[in-house]
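# Coordinates for the following, if possible.
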Amino acid sequence: MENNAKVQLRVGIFLVVGLIILLGSIFLLGADKAFFRSYTTLHAHFEQVQGLAEGSVVSFSGITVGNIKKINILPERNLIDIVMQIDNQFMPRVTEGSMVEIRTQGALGDKYIFIIPGDPKAKPLTENAVIEVAKATDILGILSERGNEAEKIFDIINEMHRFSKSLNAENRVDKILANMASATAKLDKTAGAAEKITEGLSDGKLKNTVDRLDSVMTKLDKGQGTLGALINDSSLHDQLKSMLGGSPRKSYMKNLMRTSIEKNEEK
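Okay, the predicted model is just below:
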């Protein structure tokens, strides 16, 4: 009985140890880590992680060199601290001046950290160093970096698409184009008429008209003619007013004045 109990205990211990080793192996392999390797911890501060998760791959020029160990929030700076573990065999290439950015891989759009190499002659980064984050330069990277602001851009595009569809309904675009063509034709006619008027005025007619008007105004200022006398001689104006006001001869005098003015203008 004692021997059976000892055997069962040994078997149980063996199974537990084997299970622990198996689970540890699965965890390490799932995190793309190898046994008996040392790692260096690096940090990168992002405004947003865009779907990164603990265990995501860290790539150096397309080669997997580590994983994301932890993701922390830096409340005092309103940033996300990405803690990365980099295999030490690649650390001599991760030098000062290297940068990181978030990229997408695969059809499912998995996010990972991509390390942009720095100067090979520079010093390698050390434990807990903060590596600089690269700014997005392409349109997709900028939209991905801006996050919620990119959604507003797509909303605007959708609204423009709906507006264009509403214009295309019931041949509205054709009607608008026809109206624009009609308005353009009318503008052309108006411009042609205005051009003819301008040509007529440029032939000297405008100058003659102005000269004649200036001559008439000069005569009025000098008191020439009946109208000039009426304007410049207030006593004559008063006499004429008293003569016409309420008199039976009012109609006759008006006709006489009109005839006299016309004769003076003919002269």
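
# strands paired with the top strand by length along the chain, and their directions?
Taking DSSP state E as the criterion, the chain has its longest strand at strand 63-74. Applying DSSP bridges, strand 63-74 is found paired with strand 57-60 (antiparallel), strand 79-87 (antiparallel).

# how about JSON lines for those, with mean neighbour count, mean pLDDT and distance to Ser182 added?
All C-beta spots, glycine's among them, are computed from the backbone N, C-alpha and C. Shown next, in JSON lines, are these (neighbours: other CB atoms under 10 Å; pLDDT from 0 to 100; distance: least, CB to CB, whole Å):
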{"stretch": "strand 57-60", "mean neighbour count": "21", "mean pLDDT": "94", "distance to Ser182": "62"}
{"stretch": "strand 79-87", "mean neighbour count": "19", "mean pLDDT": "95", "distance to Ser182": "60"}
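
# Compare these and give me the one nearest Leu23.
strand 79-87 (19.6 Å; CB to CB).

# and after the closest one, which helix or strand comes next?
Using DSSP states H and E, the helix or strand that follows strand 79-87 towards the C-terminus is strand 99-105.

# List the buried residues in that next one.
Across strand 99-105, burial judged by 16 or more other CB atoms under 10 Å covers Val100, Glu101, Ile102.

# closest to Ala194 among those?
For the buried residues of strand 99-105, the nearest to Ala194 is Glu101 (61.5 Å; CB to CB).

# where does that closest one land on pLDDT?
Note for Glu101: predicted pLDDT of 93.

# my read is Lys165 is in a strand, agree?
No: counting by DSSP: H, G, I helix; E, B strand; the rest coil, one finds Lys165 to be helix, located in no strand.

# re earlier: mind putting the strands paired with strand 63-74 in CSV, distance to Val94 included?
Output for these, formatted as CSV (distance: least, CB to CB, whole Å):
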stretch, distance to Val94
strand 57-60, 7
strand 79-87, 6
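
# so which of the ones you listed gets nearest Ala44?
strand 79-87 (4.6 Å).

# Can you name the residues in contact with that closest one?
33-34, 37, 39-49, 52, 58, 65-74, 94, 113 (CB atoms under 8 Å, 6 or more residues apart in numbering).

# same deal with stretch 116-134?
Against stretch 116-134 from outside (CB under 8 Å, 6+ apart): 40-46, 60-61, 91-101, 115.

# what mean pLDDT does it have?
94.

# Quick one, which of the contacts of strand 79-87 are buried?
39-40, 42-46, 52, 58, 65-69, 94, 113.
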